[in-house]
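J.: only geometry, no sequence info:
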């Protein structure tokens, strides 16, 4: 009697496990849409990622062969002779070996070791096929190290509705989260790492929104913000309460830029006397305040109609180039923006572009502007920028010496920008030398 009871209980044990497992799976499937809507990261990790791993594993060999990334184990003649001789099936081709598939907050990433004779470009061309077979939004392939590529897949478009944590307090000095990258990671502009940026974009492309986000992130920090807006201050006057100086026409801009050059020369003398290479080597109490110079609509500085304007434009361009060359070590950083930036504005623009290591290209009205922003850094980034449509406002391609990414800036409205400037107006450093020279 006891033996029969024990046997019955033991037999029913695995059945109960199966029932519980089936109930859990069914519950997850039924609750999937709600879970993904309210907790997208948890929904992806619990439901989407396991399915994606299964698809990758199931399609890997066929995908590699279909994209020409598989290599025969024996020469073709040997395979044919083997088939004719004994009817044995040909050996399976070698496929690139993939590493562990690791989840991200909105996709997954894996490393792949190349076979002899393969180059990363082979996998870059196969990226659209990978996205189609794995049923994900996009796949990006980059070189990880010699002989290895890194494949990053995004399950959905993270730029459609970027989720960006609100910044509390001043945060890291000169480091601002302004949006989201296509990988789902935060888009961070770090002026200590990449000190000077060129931002281009047509009307309603998202250029002003990005500047709003940048200023809103810098306003709580112990930095001086300086504006140059030769369209009468229509854009940057929103932040006037938080600006240490603002030039609203080219004549003021030339004087302000000259004062900034003098400021960098003074800081250079201080560093030389202290026998340090930059202001960051000075003691905290002696270190001058960092200055972030925001130039809105670069073309207004360079367009000329007569001889006098030509001299002013040349002076402004020369000062900007000197600031870009000297500023990083001396705590002066440039953010230069414009709807149209091209070599037709004068040789000074091309020389300035070469000094701006960071580039952000939104949708532009002419291909020359995109070429000026990205053409010298990465041809793939240029193609991606030219593919941005008017419906993708805020979307941009950012590039630097480290590579390129698609990104979208966080929406900061004009009212929010004004509110941020007013909230942190008490932190505005008084740089009297700039105020005097910018009158």
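T.: Done, it's in. These numbers come from a predicted model, not from an experiment. Numbers count the residues shown, from 1 in each chain.
J.: what about the helices in the protein?
T.: 2-38, 40-43, 49-66, 76-86, 120-134, 207-218, 250-274, 299-302, 307-330, 347-355, 367-374, 379-386, 414-423, 432-437 (DSSP state H).
J.: so of the ones you listed, which one's packed in deepest?
T.: When the helices of the chain are scored by mean count of other C-beta atoms under 10 Å, the highest mean neighbour count falls to helix 207-218 (a mean of 25). C-beta here means a position set from N, CA and C on the backbone, and glycine is covered the same way.
J.: Provide the contact partners of that one at residue level.
T.: In this structure, residues lying in contact with helix 207-218 by C-beta atoms under 8 Å, 6 or more residues apart in numbering are 167, 171, 174, 176-179, 189, 199-201, 225, 235, 238-239, 242, 292, 294, 296, 335, 337, 339, 360, 362, 393-394, 396, 409-414, 416-417, 420-421.
J.: repeat for stretch 336-344
T.: 196-203, 207, 211, 294-299, 320, 349-350, 352-353, 356, 364-366, 368-369, 372-373.
J.: how far does that stretch stretch from start to finish?
T.: End-to-end distance for stretch 336-344, by C-alpha to C-alpha, to the nearest Å: 17 Å.
J.: So what's the gap between that stretch and the chain middle?
T.: Centre-to-centre, stretch 336-344 and its host chain are 20 Å apart (C-alpha atoms, centre = their mean, to the nearest Å).
J.: cool, stretch 243-251 as well?
T.: Offset of stretch 243-251 from its chain centre (C-alpha atoms, centre = their mean): 29 Å.
J.: That stretch: which residues count as buried?
T.: Using 16 or more other C-beta atoms under 10 Å as the burial criterion, the residues of stretch 243-251 that qualify are 243, 244, 245, 246, 247, 248, 250.
J.: repeat for stretch 387-396
T.: Neighbour-count burial for stretch 387-396 flags 388, 392, 393, 394, 395, 396 (criterion: 16+ other C-beta under 10 Å).
J.: Who are the contact partners of the second one?
T.: Put plainly, it is residue 392. 159, 363 are the contacts of residue 392 under C-beta under 8 Å, 6+ apart.
J.: Can you list phi and psi of residue 394 for me?
T.: Phi and psi for residue 394, reported as degrees, to the nearest 10, are phi 90, psi -20.
J.: Please report how far it lies from residue 191.
T.: 21 Å (C-beta to C-beta, to the nearest Å).
J.: Could you do residue 277 as well?
T.: Residue 277 sits 18 Å away from residue 191, taking C-beta to C-beta as the criterion.
J.: repeat for residue 279
T.: Separation of residue 279 from residue 191 (C-beta to C-beta): 13 Å.
J.: And the two? Which one has more around it.
T.: Between residue 279 and residue 191, counted using other C-beta atoms under 10 Å, the more crowded position is residue 191 (23 against 20).
J.: Excluding chain neighbours, give the residue nearest to the more buried one in space.
T.: The shortest distance from residue 191 to any non-neighbouring residue, by C-beta to C-beta, 6 or more residues apart in numbering, is to residue 174 (4.1 Å).
J.: number of nearby residues for that neighbour?
T.: 20.
J.: Touching, residue 126 and residue 60? I think so.
T.: No. Here residue 126 lies out of contact with residue 60, judged by C-beta atoms under 8 Å, at a distance of 11.8 Å.
J.: for this protein, what helix or strand is lowest in average pLDDT?
T.: Lowest by mean pLDDT, DSSP states H and E among the helices and strands of the chain is helix 76-86, with a mean of 50.
J.: Just the buried residues of stretch 243-251: which are in strands?
T.: 243, 244, 245, 246, 247 (DSSP state E).
J.: Any figure for the gap between the fourth one and residue 230?
T.: Applying C-beta to C-beta, one obtains 11 Å for the distance of residue 246 from residue 230.
J.: again with the third one
T.: Distance, residue 245 to residue 230, by C-beta to C-beta: 14 Å.
J.: So for stretch 187-197, what gets flagged as buried?
T.: Residues 187, 189, 191, 194, 195, 196, 197 are the ones in stretch 187-197 that count as buried (16+ other C-beta under 10 Å).
J.: hmm, who's touching it?
T.: Stretch 187-197 has contacts (C-beta under 8 Å, 6+ apart) with 172-181, 214, 217, 290, 292, 324, 327-328, 333-336, 355-360, 398, 400, 405, 407-409.
J.: Repeat the analysis, applying 7 Å as the threshold.
T.: Contact with stretch 187-197 is made by 174-181, 214, 292, 324, 327-328, 333-335, 355-358, 360, 400, 407, as judged by C-beta atoms under 7 Å, 6 or more residues apart in numbering.
J.: pLDDT (mean, whole number) over it?
T.: For stretch 187-197, mean pLDDT is 93.
J.: just stretch 97-113 next, same as before
T.: Stretch 97-113 carries an average pLDDT of 92.
J.: Show me the protein divided up by domain.
T.: Following automatic domain parsing, the chain resolves into domains at 20-154, 175-437.
J.: Quick one: closest of those to residue 160.
T.: Closest approach to residue 160 among those (C-beta to C-beta): domain 175-437, 8.4 Å.
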